[in-house]
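[1] I would like to see how this sequence folds:
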Amino acid sequence: MFKNLFLATLCAFGIQAHAQDVVTYPFDGEFEDATFAVENAIVGQGLNIDYVSHVGDMLNRTAADVGGTRQIFVAADAYLFCSAVLSRKVMEADPLNLVNCPYSIFAFEDAEGVHVGHRIYPDGPMKEVQALLNDIVQEVLE
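    Residues are numbered from 1 along each chain as shown. Now for the predicted structure:
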């Protein structure tokens, strides 16, 4: 019984995560300037960056090994962080909001230029997190 409940929970999280959308904004500058601005904006909110995932480096480094046929990003980084205040608030509203932590803001450069963005969360308590992410990204774009 617990195995079936666990599998059902995993499926539900997978569907929820897959159904989420993102918002991106063009950044007027170099990729390095965008990542510097993202770091400063997150830290400027009094938040600690838990991890920087260098997704672009990983994809470029492993392309030949996994049969990659094109360069997806010139560069791409995702900044992972949490807010203790907001995390407590949204998880008290629904403990399954755990799936949304840590939060992330990403920057990438592709053939169209440099962009920054974040996830769009569903209606409800996570909209407050989305507002924080949007505030951070808007600061990056200034």
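[2] tell me the mean pLDDT for stretch 114-129?
    Averaging pLDDT along stretch 114-129 yields 94.
[3] for the residue most central in space within the chain, what are its contacts?
    Centroid check for the chain by Cα atoms, centre = their mean gives Ser104 as the closest residue, at 2.9 Å. Listed by Cβ atoms under 8 Å, 6 or more residues apart in numbering, the contact partners of Ser104 are Ala78, Tyr79, Leu80, Phe81, His118, Arg119. C-beta here means a position set from N, CA and C on the backbone, and glycine is covered the same way.
[4] so the fifth one, which state does it fall into?
    Here His118 takes the strand state, with states given by DSSP: H, G, I helix; E, B strand; the rest coil.
[5] and the contacts of Ser104 as TSV, adding neighbour count and distance to Leu59?
    Below are these laid out as TSV (neighbours: other Cβ atoms under 10 Å; distance: Cβ to Cβ, whole Å):
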residue	neighbour count	distance to Leu59
Ala78	18	12
Tyr79	24	17
Leu80	16	17
Phe81	20	22
His118	22	20
Arg119	18	19
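[6] returning to what we had before: now do the buried residues in the helix or strand where the residue nearest to the centre of the chain lies.
    In this assignment (DSSP states H and E), Ser104 forms part of strand 103-110. Neighbour-count burial for strand 103-110, counted by 16 or more other Cβ atoms under 10 Å, picks out Tyr103, Ser104, Ile105, Phe106, Ala107, Phe108, Glu109.
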